[in-house]
Structure formats: structure tokens, C-alpha cells
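> Sequence plus the predicted model coming up.
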Amino acid sequence: MDIKNLQNKLVAILGYGQEGNAVTSYLIKHGVKPVLFDQRPWQEWPAEEQEAIKKLGVNFIFGPDSFLELKGFDIVFRSPGVPLSKVKGQLSKVALITSQTKWFFDHCPCKIIGVTGTKGKGTTASLIYDELKCSQPIHRLTTNINQQPINGLTTLGNIYLTGNIGKTQPLEILDDLSADDYVVYELSSFQLQDLDKSPHIAVVLMVTSEHLDYHASQEEYIEAKSAITKFQTADDFAVINPDFENSIKIGQQGEGEKIYFSRNRELENGCFVKNDSIIFVGAGLKPAPTEAIIKISDLQLKGAHNLENVCAAVGVGKILGVSDEAIRKAITNFKGLKHRLEFVAEKQGLKFYNDSFSTTPETAIAAIQSFDEPLVVILGGSSKNSDFSGLGKVISNSKNIKAVILIGQEASRIRQALKIEPAMIIEGAKSMVEIFGQIKSVASKGDVVLLSPACASFGLFKNYKDRGEQFRDFVKSFK
């Protein structure tokens, strides 16, 4: 369906957050007047947001029962936070359900590099984007990586980064794209679950258990992620982490050529870690040349888990014909993203790291294992039905854990998983002020203080960004 076909349709937007705002602006720009729906009561919206909504000149229905008014709408744009199960029962059988991501994939004129995984999506997408920006103008192969290019080389156009990462929403750039451009798109399971197209290059990072507060089961979560590869053709590529069973399940779908990456094993086809180097073995070439692309000691990214993200980015760069020099420059200059194992400051001999984006036990484990120094770890938050047994085992076996500060709804479940001295566990903080009071009571010069909660943020904080920003602010004034 073309945008012009929507001008005489009843169009609904479900969820007026960041994505809903972008979709609304896009539709109004093209002469479509949507109706906005959000389950948050109107009186709970800040006055400035209420005024901005009124100025749009469109109708809106807000409140817990707003979705009951969806009967009769022809097309619905679903925001990621609104599960499909909440929508389908309220619509007529002929209504079309789409989303910003689905609309973008259906109408994008250029190639898309999609990145998904339980964690590491933002870092990997940013690494790939930086690689391509460093290499402009570059030339990409016009055929399969296993073959010599048949039609010569094609110059790559503009590079865009979108999805969950950054400030640019997909529909803000859609009208500006041309066939030679490339879009690097960070994709969550929420965005992938209703797609019927896959990106030209699909990157499948570590996939473990996640969002079981949203998806009905682990199987549904994997099925949602699988759209990133399921519809690929033989002209496409899937860059896969074979160290995770779920990643293999997702990556092996579709007909795209498979390229692998690992930090745990040598590969015959792809990118891996060996000694102090990131190695790439050319796919399908005989004999396969082994190339040392980057020295690990040259990386500014901290954490062994980030080596997986680097290997994935190198694999994409090699597929696109980016020079080793450009790959090396982009990756060694990359310092990481906010709230992802971000070094904040050293104060009073303490080093503070903000890993607020860590909302799963697996990412907290990766963060903890990045340090050898005495460690004070802040864990806990709201529930995502996660299994903390693995995290508890890692902490219990760690020789450098000095204290664990537990916060939020999941504090008691995490405590049950810990087999450490009770004196090492501190609880009861209900704000960042109180958390820092507890830090001062246990931390001393030479320690690392790590905020890596392994849980969602709701309850004590608005979101992971608010949690991380508060942590950073308190570090700045720490005495």
C-alpha cells in the first residue's frame, strides 16, 4: 500500500511515544490525518506534551480503554510497546496492521543492514555505521561474497543509522533515501515480529532469554527475532554468532549466505578472536586467506563480550568490501555508547562504570567479568521474569566481588541466587541518593563501582536512561 492510498482511509496510531510521534509527523506530512490512541490517561500527560498533541490538529483517544474504540479503522500503526495480541482482538478482520518498521521495510528503496540480538545491538549497529562512514566513498560487491563481482563495483551512497539507536527515526529519513544508500537498522523483537521482509544483511548477535514479560514464551521471542533472516534470498547475507543455540536457530533460516563470528573458537568462514587479534577468514576462497584485522589491545571498548560485537561489525565490513584500514580506524576509535559499560569518572580513587542498559542477567554477567579489580555491583529493578541462577553462580564464584547492592522489586530473587556472605549484601535503598550512601559505606580506593542492574528500571526510575543519568550525576558530585 502506497502512502497516497492512506489519504482516504481511517488510520490509527497505537502508542504515542517516540515512534508514534514520528509516524504521526510522517503521515501528516503526506496529507493523512491519523487518530492517536494511547492507554495512558490524558490527565497524566505533562502540560507541554498535551499542548504539542493539540497543535497537531488530529483526533486522539487516550485512556486505559482507548483500544476498545478501534473498530472500523482501515489501517493501524502499532508502536513497539503495544503487543500484537492487544490489537488483533479489537479490529475488524479486514484491517491492516503495520508499524513504523514494517512500513519502512516495505517502502525503503535501498539496502538495509539489520542488527538484532538480546544485547549488543546498539553497539554493533554503531560500529557498522562508523565503519561505513570512515570508508566513504566505498565500493560494494554486486554479487555473492563467494564469487568475483560480475558487474564490477557500485559506489555506496549516504549512510544512515536508525531504529532503537540514536535520535533519527526511520520515517524521518524514508523520503530522502535513494537506491545507492545504506541504512543500518537496530531491530528489537518488538519491531521484527510483524515483518514479512528481511534486511539485505542480517546480523544475529547473542540471543538468550529476554522480554518474557512481553512475549508469551521463549519460543515466541525466537519466532519474532527470526524475521530478520526468514525472508532472505540467495543474494542476501546472514552474519551469525554460532556460540548461542538460539542465534543459530534464527541465523540458519532464510536463503542468505551464512557468515559466522565468534570470540570463543576459530572459524573456517568468518571472523574470530585469536590471541591478541581479530581474524577474518575469507568465505569460500581457496585457500582461505587469514587476515589479522585489529589488535585487541588497540580497542577502547571494555569487556570480552564486546569482542563479539566487533567481530560482527568486521564481518559486515568485509561483505561490503570496506578496506581493512577503514575497519581498523572505525573500530579502534570507538569508545562505546552511553549506559553500556560506560566509564563515567574516577573519584576519590574509585572508578565508576554506568551499565544501566544492562537489563538481563546475561549482560550483567558480561559486565562483571570485564573487571579484575575489587568490585561493588549494583543489581536489581523491576521484573522481566528473568532467571538469576547463572548470575548468582558467577557472583558467588567471583574472587573480586566486594559487595552487592540490591535494589527494586527483584532484590529478593537475586539475593536467593547468591551464595555469598550475608555481610556482602546491602539492601533497602529506594533512591539514587540512598544507593550512593551505601556505596560510601563499603567502597574504598582502588575499587570499581559498577551499575549493571540485570533488570528493567521501572519503579525507582523512569527508564534505563533516567537510571543511568542519575548515576552519572551523582558520580560527578561524589565526595
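All right, it came through fine.
> Now do the buried residues in stretch 106-120.
Cys108, Cys110, Lys111, Ile112, Ile113, Gly114, Val115, Thr116, Gly117, Thr118, Lys119, Gly120 (16 or more other Cβ atoms under 10 Å). Where C-beta positions appear, they are placed from N, C-alpha and C, glycine not excepted.
> how far does it sit from the chain's center?
Relative to the centre of its chain, stretch 106-120 is centred 11 Å away, using Cα atoms, centre = their mean, to the nearest Å.
> And for stretch 266-277?
Chain-centre distance of stretch 266-277: 24 Å, with Cα atoms, centre = their mean.
> Need the residues that contact it.
Outside stretch 266-277, the residues that touch it by Cβ atoms under 8 Å, 6 or more residues apart in numbering are 239, 242, 258-265, 278-281, 283-284, 288, 292-297, 307, 311-312, 314-315, 318.
> Flag the shaky bits of this structure, pLDDT-wise.
88-90, 92-94, 136-156, 166, 209-216, 283-290 (pLDDT under 70).
> Excluding chain neighbours, what is closest to Lys465?
If the residues on either side of it in the chain are set aside, Lys465 comes closest to His339, at 6.5 Å by Cβ to Cβ, 6 or more residues apart in numbering.
> now Gly122
Nearest non-adjacent residue to Gly122, counting by Cβ to Cβ, 6+ apart: Ile165, 4.5 Å away.
> Next up, the contacts around the one you found.
Counting by Cβ under 8 Å, 6+ apart, the residues that Ile165 touches are Lys121, Gly122, Ala125, Ser126, Glu186, Leu337.
> likewise Lys329?
Under the criterion of Cβ under 8 Å, 6+ apart, the neighbours of Lys329 are Cys134.
> A strand includes it, no?
No. The assignment for Lys329 (DSSP: H, G, I helix; E, B strand; the rest coil) gives helix, which keeps it out of a strand.
> So it versus Thr168, what's the distance?
Lys329 is 23 Å from Thr168, where distance means Cβ to Cβ, to the nearest Å.
> Asp243 now?
Applying Cβ to Cβ, the value for Asp243 to Thr168 is 32 Å.
> Now do the same for Ala403: helix, strand or coil?
Following three-state DSSP, Ala403 is assigned to strand.
> Which strand residues bridge it?
Judged by DSSP bridges, the bridge partners of Ala403 are Val376.
> quick one, strands of the stretch 201-350 of the chain?
Taking DSSP state E, counting those that start in this stretch as the test, the strands found in the stretch 201-350 of the chain are 201-204, 237-240, 257-262, 270-274, 277-281, 290-295, 342-347, 350-354.
> What count of nearby residues applies to Tyr464?
21 (other Cβ atoms under 10 Å).
> go on, Ala47?
With other Cβ under 10 Å as criterion, Ala47 counts 7.
> just Lys479 next, same as before
By other Cβ under 10 Å, the residues close to Lys479 number 5.
> Skipping adjacent residues, who's closest to it in space?
Closest to Lys479 by Cβ to Cβ, 6+ apart is Gln348, at 7.1 Å.
> Could you measure from that neighbour over to Phe478?
7 Å.
> More neighbours: which of those two?
Between Gln348 and Phe478, Phe478 has the larger neighbour count (other Cβ under 10 Å), namely 18 against 11.
> what sits against the more buried one?
Residues in contact with Phe478 (Cβ under 8 Å, 6+ apart) are Ala345, Lys347, Gln348, Leu350, Phe352, Phe436.
> Take those and write them to TSV, including distance to Ser382.
Shown next, in TSV, are these (distance: Cβ to Cβ, whole Å):
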residue	distance to Ser382
Ala345	27
Lys347	28
Gln348	31
Leu350	27
Phe352	23
Phe436	21
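> so which of those is the most crowded?
In terms of neighbours by other Cβ under 10 Å, those top out with Phe352 at 24 neighbours.
> List the contacts of it.
The contact partners of Phe352, by Cβ under 8 Å, 6+ apart, come to Phe343, Val344, Ala345, Glu346, Val448, Val449, Leu451, Phe471, Val475, Phe478.
> ok, Ala313 - how many residues close by?
30.
> Is Ala202 bridged to anything, and to what?
Gly114, Ala238.
> That one reaches Asp236, doesn't it?
Yes. Shown here, Ala202 and Asp236 form a contact pair, counting by Cβ atoms under 8 Å, at 7.2 Å.
> who has more neighbours, these two?
Neighbours per residue (other Cβ under 10 Å) separate Ala202 from Asp236, with Ala202 holding more: 29 against 19.
> before we move on, back to that, my guess is the residue nearest to Gly122 is in a helix, correct?
No. Counting by three-state DSSP, Ile165 is not part of a helix but coil.
> Name all residues that make contact with Tyr260.
For Tyr260, counting by Cβ under 8 Å, 6+ apart, the contacting residues are Val239, Ile240, Asn241, Pro242, Leu267, Asn269, Gly270, Cys271, Gly315.
> Surely the third one touches Val204?
The one in question is Asn241. Yes. Asn241 is within contact range of Val204, at 6.3 Å (criterion: Cβ under 8 Å).
> Give me the more crowded residue out of those two.
Counted by other Cβ under 10 Å, Asn241 and Val204 do not tie: Val204 has more neighbours, with 31 against 27.
> so how many other residues sit close to Ala366?
23.
> in what helix or strand does it lie?
Using DSSP states H and E, Ala366 falls within helix 361-368.
> which helices and strands sit right next to that helix?
In terms of contacts (3 or more Cβ pairs under 8 Å, 6 or more residues apart in numbering; DSSP states H and E), helix 361-368 is packed against strand 375-380, helix 389-397.
> beta partners of Lys258?
In beta-bridge terms (that is, DSSP bridges), Lys258 pairs with Ala238.
> Next, count neighbours for Gly251.
For Gly251, the tally of surrounding residues (other Cβ under 10 Å) stands at 27.
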